[in-house]
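**Student:** No sequence on hand, only this structure:
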């Protein structure tokens, strides 16, 4: 209540503060003055907070590190500064107090969460990365995983769908599984299998990523994709401390700049139609319009130049408002500590009629009953609602420019309303956007209760029961006027899942004779997952009106309505021992065994061991004299992890529903729909990691190097089988894939004086390779338009496979004299005749690149000057290729929207051959280029992901406002994105063909990925 | 002391908790059974299960039949692929340049063998249930055998010799299985159809869309024609004509209307219901811009060839029920119609991609023409002419266009010509051209889009070769098998 009353006053004062802050430096005619310097190099330190202990009275040092303060004899002055150890000096009768501050190197004593326990950072023997939430919650991205982009070496966070609320993809050290998923396991406060979408970034204390298998092995069967551990904030003893964080801003999509309209558009349409007409032997000297000698299919109506000049991209996109608010309070006493927070996110999408809302609450309570028993609980209910578009953006922006957005009477014209033939029969994009009501809602509650018993010195037992309850619904309705079929449609899908986990861990920690430190855990974990799904759909066209969108207004289609339940269970036993001798020699070993209901009776159990060792050379006597080296650690590890992310009961052949309509009556039949495989078992990943950690000059320079080699075998995927069995594939454990690579993380404190500059750079290079395919050398899946995705021994998974263009066929002569695909005409590509047999056959297909980047980089620069701080996060990716199939829409087909960069280099006729490399693009000849590298583009990029500028109001001012801290900030997300020339997509990370999910996967296929949004926000964060 | 006791009690509690987990949880968590799906071990247990499994056999055909035109009409002179839509592999079929990687033949192989598997599964489990009512078991056996025969008939016509599978086979067995000869496949078809004809109930006591005795008898007759076993063909076709009650309906156009799609001419058809269980063929033949009163939009995958259009005589009522030449855009219904020929045989009012009009497999007119052919081959030209003229008379509504037997053209050519006009877009043309050998001459040229103003068609030169009488075995299947060999020429 107090908070709300104060709020307007605060706002006014905030403005005052911003305007006058420069003058509000250390003032007053005090009787104590002095200078604060850094212990390294004696540089003076400005901005150090000097406060009389026990009061709110204080000043900060000026540009020269000087301060002056009025004190009484008994006062104690506290000098504090971020990154330095706090110093307290009793005033006594001194009038000059000069202070030397030492940098705080406690970073090495910082604890790292490693799964079922914590380890001192200096004692970690595996490759573990940690990000602490200092200002991450002030970066305007909807989900916590997005803020990790570019921050961790080897952790590739890609936003391939930019629509509000959608999750980014996370790949840790490359992908290795074909059909069982490559997502990392997310552990939220100990609960395995959580969703980051339900956690508010504000509530996060830290995020740890277990990158190598020796660290992830403690999560055994689910650690193959790496493990992300999220630890949320807990209350601390003391009086209630409130924190309010809010930002609001505007998002704008970054579109294309080369749409053509009017006469230019018409001229290309004529070229297009003439080219088509010529191909069937037509006489192109016949006028293109109003001449019966020219078949209708090859004419061009005058409306193309005399109609409207609409750029559809501009019409369907909008400036979108985004707002995030979080209020939290934490506090407690020796017995009870609490942290409670509420979050509200409200984001409009830059595509019209899309949005995302999320409300979440978190309560973390810890109770210490006595010296033995402590217990607590965590609750995190959240609700999210998304409105999403019925189709990808290419479907909207490809619409022809001569069509008006809306008629004066409010109806929407179509292209065919202007010209009955040839042009696209698609419905007006705004009609589709306005007449489609697609909503997804999620209610999620992650809850955990635990009890901890301190059984003896160093020995404790923790038992927890966690539940993740989720229910999702997807509601769709499309009005009859929103679709080209003229039939309204609707559906509703509901699902609810319960995941219950019970974990019991016995931990022991002790140090013997001061030099042998030992810690060990043993535990058991049980998890059960139940899901139920139901979905119903209306018979298309059966809604009585467009007013009521629920299915009671329509006839339910029985063949499109289902209901089902499923479940899985997992039992795990695990143990880990860490041993350290004089903090110098460190060893860790673990074993986990998992039993899963998903595998056949003989193969339910899997074993996942790991071992790792580290040597802290810097602790050796001979290193003590090497002053420059403050930390040097070598480590090596080996571990095995697993993957069981397949469907439930897939080892059994399953009977499924099919339909037939004897006597014109829809009747359900049944048939076996999967082959079944009793010997189905775990997919296993074994990996080695070698690392070096180096700290120089009192850790002003920190370097971490890692080399890893991981190999996944017994790949779970649907292997093709002879279809005379009745089935085309069977889920099996076949083949292996390797990922090898290295990572560099370099963190430097470049400037430590008044102007501070820290840089954190990371680089990861990964080489993905198919090692074994179970007896065959390659498997190719070819899509409808001829592009292949190949698994070939020695090559990265799912490389593009097709023909390589070497030129364009210029005329009939050229067609006759060149090796060509059957049916080629002038304008079609000339392909490389790989085997030189004078013709183009599937034997001439070659690997054309891969969707995975060869290397990716992150660079974070943090600057601080006085009360200002600036953070710039950059990300780069090199070597990924994208199959931009959507280009086809903008090259003239169906006389839809055209982009200049798509038509001006194209072959139109022998007289207008373009640049000689871009073949004629035509629907009738589509497979001639879609099966080649014509649409494969380099998706390398350099992006400035975020610029965050903050101003921390000096302590003495904020104290006058009765605040213990006040920061205002402005943030700019995605200000700059640089892509290679010749890249035509909206987003170099955006592809719509899905991730690797089975042998028919088309990763890197893009047909309508949405634009990147540039987001400007203004934010405010304060404590009281 | 007090503290110690406390600790040991806690340890005990903890250990008990863990022990509890060890023992009781394993069954509850690991040995789960599916809630919502049956498995092969608990299915096929009663007569109702078998009935459902039999419906499953039809479902394979129902799925495949919608795209059969791509392999059975597109290569011939009735149809060509539209420039507006791309279906992988269809261009190669259209231009007779099919290779072993073709996506359409691969899909056809997969779905047809899936149908064979479903028929085999019924036959292998037919003895398990004990609660059949009288005649029920025979009916299911008959249906499964009829459908298996139909699937193999399709396979042998499309690919020639193929592997013969009548049992459940393991992956290694399948990978080693060589092709059976065409002879062996046809023996199985004839054996299955003979047994089916003996066991299946009569048409009147069979649901439409399910196989009846007549369906098995008629298909057997057709198979004998393909075998050029004219004696057996004659006997079998005469049985169908004389013993059963099929007849030509008076109005050809009524065969292609939803209200009259079930009629006395239908011997076996694949049933569809608009919206909920519809077919995409109507949409495939509908122009992109749609058809007034029928559909707002079409897929226009393919268009009728001038080679066929030009053959229809003006008075032939079949033309208007098969193709339309003038098109009006539903977006501009009052505009002047434009010359834009499209296939209209399946053009009934329908939901996009889910039309309710049935796609026939066997129709009495087909049997009459096969009978005419059989009589001709046996030297009975007079009676062949009688049969042929039955079809002519129905087509023109009178006897004025009947053949006299004095035409210069060979009677066999007239029969084949009549088959093209009568059965256009019913998936017979390519097989008729192949079994008669005519594809080698007829398909050298195809007249496609007709320029109405210039009165000239687009002529496409093609190069039919002897080996093209069958399609290549899908390369993907050869790669997975040690026993499967590619057809000659590919």
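**Tutor:** Perfect, I can see it now. Since this is a predicted model, take the numbers as computed values, not measurements.
**Student:** Could you give the number of residues near residue 203?
**Tutor:** Let's take chain A. Residues within reach of residue A:203, counting by other CB atoms under 10 Å in any protein chain shown, total 26. Any C-beta I mention is one placed from the backbone N, CA and C, and that applies to glycine too.
**Student:** wait, I meant chain B there
**Tutor:** Burial measure for residue B:203: 20 neighbouring residues, criterion other CB under 10 Å.
**Student:** got a list of what it touches?
**Tutor:** Remark: with contacts taken as CB atoms under 8 Å, 6 or more residues apart in numbering or on different chains, residue B:203 is in contact with B:212, B:213, B:214, B:215, B:244, B:245.
**Student:** where does the residue nearest to the fourth one when sequence neighbours are not counted sit relative to residue B:156, distance-wise?
**Tutor:** Setting aside the residues directly before and after it, residue B:215 is nearest to residue B:268 in space (CB to CB, 6 or more residues apart in numbering or on different chains), at 3.9 Å. Residue B:268 sits 18 Å away from residue B:156, taking CB to CB, to the nearest Å as the criterion.
**Student:** Likewise for residue A:374?
**Tutor:** 77 Å.
**Student:** next one: residue B:111
**Tutor:** Relative to residue B:156, residue B:111 is positioned 16 Å away (criterion: CB to CB).
**Student:** Quick check: residue A:470 touching residue A:494?
**Tutor:** No. Applying CB atoms under 8 Å, one finds residue A:470 not in contact with residue A:494, separated by 11.5 Å.
**Student:** on contacts alone, who are the packing partners of the helix or strand harbouring residue B:214?
**Tutor:** Following DSSP states H and E, one finds residue B:214 within helix B:213-227. Using 3 or more CB pairs under 8 Å, 6 or more residues apart in numbering or on different chains; DSSP states H and E as the contact criterion, the secondary-structure elements in contact with helix B:213-227 are helix B:136-159, helix B:182-199, helix B:230-243, strand B:266-270, strand B:359-363, helix B:364-377.
**Student:** what's the average pLDDT for that helix?
**Tutor:** Helix B:213-227 comes out with an average pLDDT of 98.
**Student:** Now for the closest residue to chain A within the stretch 301-450 of chain B, how many residues are close by?
**Tutor:** When scored by CB to the nearest CB, the stretch 301-450 of chain B has residue B:329 as its residue closest to chain A, at 3.2 Å. Applying the criterion other CB under 10 Å, we find 23 residues in the vicinity of residue B:329.
**Student:** Repeat that for the one 4 residues further on.
**Tutor:** Residue B:333 is surrounded by 10 other residues when neighbours are defined as other CB under 10 Å.
**Student:** So it lies in a helix, does it not?
**Tutor:** No. Secondary structure assignment (DSSP: H, G, I helix; E, B strand; the rest coil) places residue B:333 in coil, not in a helix.
**Student:** Would you report the backbone torsion angles of the residue nearest to residue A:486 when sequence neighbours are not counted?
**Tutor:** Nearest residue to residue A:486, sequence neighbours excluded (CB to CB, 6+ apart): residue B:296, at 3.8 Å. Taking degrees, to the nearest 10, you get phi -70, psi -20 for the backbone angles of residue B:296.
**Student:** Identify the residues contacting stretch A:77-96?
**Tutor:** Residues outside stretch A:77-96 that contact it (CB under 8 Å, 6+ apart): A:31-34, A:36, A:38, A:45, A:47-53, A:69, A:71-76, A:97, A:99-104, A:752, A:756, A:864.
**Student:** top strand in chain A by residue count?
**Tutor:** Secondary structure assigned by DSSP state E gives strand A:489-512 as the longest strand of chain A.
**Student:** avg pLDDT for it?
**Tutor:** Per-residue pLDDT over strand A:489-512 has a mean of 93.
**Student:** and that strand, what does it pack onto?
**Tutor:** By contact count (3+ CB pairs under 8 Å, 6+ apart), the secondary structure elements abutting strand A:489-512 are strand A:459-478, strand A:516-537, helix B:2-30.
**Student:** Pick out the shakiest of the ones you listed, pLDDT-wise.
**Tutor:** helix B:2-30 (a mean of 59).
**Student:** so what pLDDT did the closest residue in space to residue B:480 that isn't next to it in sequence get?
**Tutor:** Leaving out its chain neighbours, the residue that sits closest to residue B:480 by CB to CB, 6+ apart is residue A:722, at 4.9 Å. Reported pLDDT at residue A:722 in the predicted model: 94.
**Student:** Residue B:314 now?
**Tutor:** According to the predicted model, the pLDDT of residue B:314 comes to 92.
**Student:** Measure how buried it is and give me the count.
**Tutor:** Residue B:314 has 5 nearby residues by other CB under 10 Å.
**Student:** How is it assigned, secondary-structure-wise?
**Tutor:** Secondary structure state of residue B:314, per three-state DSSP, is coil.
**Student:** What parts of the stretch 151-300 of chain A come near chain B?
**Tutor:** With CB under 8 Å from any CB of the partner chain as the criterion, the stretch 151-300 of chain A meets chain B at residues A:276, A:280, A:281, A:291, A:292, A:293, A:294, A:295, A:296, A:297.
**Student:** out of the residues you listed, who has the most neighbours?
**Tutor:** Using other CB under 10 Å as the contact criterion, the top neighbour count among these goes to residue A:294, which has 24 neighbours.
**Student:** Which residue ranges of the stretch 151-300 of chain A form helices?
**Tutor:** A:213-216, A:262-279 (DSSP state H, counting those that start in this stretch).
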